[in-house]
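S.K.: how would this look folded up:
(4 chains)
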4 protein chains.
Amino acid sequence: MTFAMDCAALTQFLASDFAQVADMFEVLEVTEAGLRVRLIVNDSHLRPGGTVSGPTMFALADVSVYLAILSRIGPKALAVTTNCSIDFMRKPAAGCDLICDVRLLKVGRVLAVADCLITSVGQGDPVARASMTYSIPPK
Amino acid sequence: MTFAMDCAALTQFLASDFAQVADMFEVLEVTEAGLRVRLIVNDSHLRPGGTVSGPTMFALADVSVYLAILSRIGPKALAVTTNCSIDFMRKPAAGCDLICDVRLLKVGRVLAVADCLITSVGQGDPVARASMTYSIPPK
Amino acid sequence: MTFAMDCAALTQFLASDFAQVADMFEVLEVTEAGLRVRLIVNDSHLRPGGTVSGPTMFALADVSVYLAILSRIGPKALAVTTNCSIDFMRKPAAGCDLICDVRLLKVGRVLAVADCLITSVGQGDPVARASMTYSIPPK
Amino acid sequence: MTFAMDCAALTQFLASDFAQVADMFEVLEVTEAGLRVRLIVNDSHLRPGGTVSGPTMFALADVSVYLAILSRIGPKALAVTTNCSIDFMRKPAAGCDLICDVRLLKVGRVLAVADCLITSVGQGDPVARASMTYSIPPK
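M.R.: Numbering: from 1, shown residues only, chains lettered A, B, ... in the order given. A predicted model of the protein is given here:
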């Protein structure tokens, strides 16, 4: 399987087009199912108790699905999130990086749909799951 | 892995406690990840064009997640759906049974969370995905 | 404010294009905010205990939002549900009709978004809320 | 109607318990329906083009619903978000503060459910809507 953008291309895109948040994320792998991204935790992501905040997990899911879509359709498109449903299931491990595994379910002409599981590095049970819809603008 | 209820027990539970809808569903398999259920399509499930209606797919996801939870905690509990987020991604194949694959993500003391993929029998791409939360009443 | 379809036109559309379910629903009012629909409960909608089932409430929300969109854009369009997020908050009153109040939030070129509150007739607190996205096909 | 916490109490709670983000938010009003909060936009919230980012809108919805619940049950509880479904409907106006209007739908013993509308200050159409469930721990 070949991809429109690989790990290196996505990393470079993140650095150039999302400079503000690029150092939060490491694109680990473009897979047949989707993509894997690591959140590199720093103090600004943490809530009292040392666990990663909900908005930070939302940001991780959002960026990961976006990159997964770009890995299929390339950097030209200006896709925008239209819907996200996210379930927070367990407290993340304190001060621990998170892994987001994206599964692309549909990359259509107008809409793309994916879901993802977020886990604390080195732990089994997922801390959150999210499903997201992106609208893909006409060429 | 042993289960609180296996295929036969869940099928019998469906027949006794949900007689109205029991003949719509066939419990195919209790799995380590969750459960697999088949929707046996009849005319009352179809929309103009011969495809399965949205409410029928919702019912399939709802029952399947419910049975998956019971397979872990047994028939005593009176769990109720508190949230469902469902994405309809493709038209189901006309007049074709559907398969629902449930993945249990959390079976906690108070809440259970699962997601599922729905596919037309014999077809690759999913027609819908859903995530559901059930509230488990205190003993 | 004028509408592309009023109560009478929507009722007729329901009877001709959704004959299977038309007698479940009564279009009560097209409003500036959206639409109001009544679910006329019968035995097939009920779960053990006499309360309306989740899939029936989903069907009510789905049809109501659909009709609300048609009240704005007319009967030509073949809009399809792409996402629904629904929260079940209280048990409906036994054997009681339900009212669904739709609030249209966006009727765009490609997507329409609405939410709705479902209450048991004559009761204050909502039994469910739902938000739905419809995809509107290009002309 | 009296509240467990009013504007001043919620503002003080935010400053003491969520110091990291307290200066992002201004609690405008505790209402019979829920609560109104203002997001005071700064550069860190903006995406290329000058519009507020999705994660920032998620954070606004999350904090606003949390404060709305506390306005009813007081500061003791350690409520946690379990589910959020959010629809992004329009681009926020560039560099413009956002208003979040929360409507509490259920404040139960175990779960609280609310939805909210987010608008750019001085503009009519909502930019986003969200529904959220919080789990309320036993006393």
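
S.K.: so where is chain A shaky, pLDDT-wise?
M.R.: Scanning chain A for pLDDT under 70 picks out the ranges A:77, A:139.

S.K.: Close to chain C: what parts of it are there?
M.R.: A:82-83, A:85, A:110-111, A:133, A:135 (CB under 8 Å from any CB of the partner chain). Yep, even glycine has a C-beta here, placed from its N, CA and C like the rest.

S.K.: The residues you listed in strands, which ones?
M.R.: Among those, the residues falling in strands (DSSP state E) are A:82-83, A:85, A:111, A:133, A:135.

S.K.: Quick check: A:Ala68 is in a helix.
M.R.: Yes. Assessed with DSSP: H, G, I helix; E, B strand; the rest coil, A:Ala68 lies in a helix.

S.K.: of the residues of chain A next to chain C, list those near chain B.
M.R.: A:85, A:133.

S.K.: would a markdown table of the residues of chain A next to chain C with distance to C:Lys76 and neighbour count be doable?
M.R.: Converted to a markdown table, those look like this (distance: CB to CB, whole Å; neighbours: other CB atoms under 10 Å in any protein chain shown):
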| residue | distance to C:Lys76 | neighbour count |
| --- | --- | --- |
| A:Thr82 | 23 | 23 |
| A:Asn83 | 25 | 25 |
| A:Ser85 | 31 | 27 |
| A:Val110 | 19 | 16 |
| A:Leu111 | 21 | 22 |
| A:Thr133 | 25 | 27 |
| A:Ser135 | 22 | 19 |
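
S.K.: Report the two of the residues of chain A next to chain C separated the most.
M.R.: The distance between the two most remote of the residues of chain A next to chain C (CB to CB) is 19.3 Å, for A:Ser85 and A:Val110.

S.K.: any idea which of the ones in strands among the residues of chain A next to chain C is closest to B:Asp115?
M.R.: For those, the closest approach to B:Asp115 (CB to CB) belongs to A:Ser85, at 10.0 Å.

S.K.: May I have the beta-bridge partners of A:Thr119?
M.R.: Residues in a beta bridge with A:Thr119, per DSSP bridges, are A:Ile99.

S.K.: so who does it touch?
M.R.: If a contact means CB atoms under 8 Å, 6 or more residues apart in numbering or on different chains, then A:Thr119 has A:98-99, A:101, A:125-127 as its contacts.

S.K.: go on, A:His45?
M.R.: Applying CB under 8 Å, 6+ apart, the residues contacting A:His45 are A:24, A:39, A:52-53, A:56.

S.K.: Bridged to the residue in chain A that chain B sits nearest to, which residues?
M.R.: Per CB to the nearest CB, A:Ser85 is where chain A lies closest to chain B, at 3.6 Å. A:Ser85 has these beta-bridge partners by DSSP bridges: A:Ser131, D:Ser85.

S.K.: and the gap between it and C:Tyr134?
M.R.: Distance of A:Ser85 to C:Tyr134, computed by CB to CB, to the nearest Å: 17 Å.

S.K.: ok, back up a step: the residue of chain A closest to chain B touches D:Asn83, doesn't it?
M.R.: Yes. Counting by CB atoms under 8 Å, D:Asn83 is a contact partner of A:Ser85 at 7.3 Å.

S.K.: who touches both of these two?
M.R.: B:Ser85.

S.K.: For burial, what's the neighbour tally of A:Met1?
M.R.: 5 (other CB atoms under 10 Å in any protein chain shown).

S.K.: Excluding covalently adjacent residues, which one is nearest to A:Cys7?
M.R.: Spatially, and ignoring its direct neighbours in sequence, A:Cys7 is nearest to A:Val27 (5.1 Å; CB to CB, 6 or more residues apart in numbering or on different chains).

S.K.: strand partners of whichever strand or helix holds the one you found, parallel vs antiparallel please.
M.R.: Mapping A:Val27 onto the secondary structure by DSSP states H and E places it in strand A:25-30. Looking at strand A:25-30 with DSSP bridges, its partner strands are strand A:34-39 (antiparallel).

S.K.: which residues are contacting the strand it pairs with?
M.R.: Defining contact as CB under 8 Å, 6+ apart, one finds that strand A:34-39 is touched by A:10, A:24-29, A:45, A:52, A:56, A:60, A:63-64, A:67-68, A:71, A:97-104, A:114, A:116, A:121.

S.K.: what about 7 Å?
M.R.: Strand A:34-39 is contacted from outside by A:24-29, A:60, A:63-64, A:67-68, A:71, A:97-104, A:114, using CB atoms under 7 Å, 6 or more residues apart in numbering or on different chains.

S.K.: to the chain's geometric centre, what's the distance from it?
M.R.: 6 Å (CA atoms, centre = their mean, to the nearest Å).

S.K.: buried sites along it?
M.R.: Residues of strand A:34-39 classed as buried: A:34-39 (neighbour count, 16 or more other CB atoms under 10 Å in any protein chain shown).

S.K.: Is stretch A:52-59 positioned near chain B?
M.R.: No. Stretch A:52-59 stays clear of chain B (CB under 7 Å from any CB of the partner chain), getting no nearer than 14.5 Å.

S.K.: about what we covered before: among the contacts of A:His45, name the buried ones.
M.R.: By 16+ other CB under 10 Å, the contacts of A:His45 give A:24, A:39, A:52-53, A:56 as buried.

S.K.: among those residues, which two are most distant?
M.R.: Top of the distance list for those (CB to CB): A:Met24 and A:Ser53, 12.4 Å.

S.K.: the helices in chain A, which residues?
M.R.: A:7-17, A:54-73 (DSSP state H).

S.K.: A:Gly49 - how many residues pack around it?
M.R.: Around A:Gly49 there are 9 other residues, counting by other CB under 10 Å.

S.K.: Any idea how many residues pack against the closest residue to it other than its chain neighbours?
M.R.: Once flanking residues are discounted, A:Gly49 sits nearest to A:Ala94: 6.8 Å by CB to CB, 6+ apart. Each residue near A:Ala94 was counted by other CB under 10 Å, and the total is 12.

S.K.: surely A:Ala94 meets A:Gly50?
M.R.: Yes. A:Ala94 lies in contact with A:Gly50 (CB atoms under 7 Å); the separation is 3.5 Å.

S.K.: picking that back up, for B:Phe3, find the nearest of the helices of chain A.
M.R.: Distances from B:Phe3 to each of the helices of chain A were compared using CB to CB; the minimum, 31.1 Å, belongs to helix A:54-73.

S.K.: quick one: buried residues of the closest one?
M.R.: A:54-72.

S.K.: and that helix, what other elements does it pack with?
M.R.: On a contact count with 3 or more CB pairs under 7 Å, 6 or more residues apart in numbering or on different chains; DSSP states H and E, helix A:54-73 meets helix A:7-17, strand A:25-30, strand A:34-39, strand A:80-88, strand A:98-107, strand A:111-120, strand A:128-135, helix D:54-73.

S.K.: right, and the ones you listed - which one's nearest D:Arg90?
M.R.: Comparing the helices and strands packed on helix A:54-73 against D:Arg90 with CB to CB, the closest turns out to be strand A:80-88 (10.3 Å).

S.K.: which residues touch the closest one?
M.R.: Contacts for strand A:80-88 (CB under 7 Å, 6+ apart): A:54, A:58, A:61-62, A:128-135, B:85, B:113, B:131, B:133, C:83, C:85, C:111, C:133, D:54, D:80-88.

S.K.: and what of stretch A:130-139?
M.R.: For stretch A:130-139, contacts defined as CB under 7 Å, 6+ apart pick out A:61-62, A:65-66, A:69, A:77-86, A:110-116, B:85, B:87, B:129, B:131, C:82-83, C:110-111.
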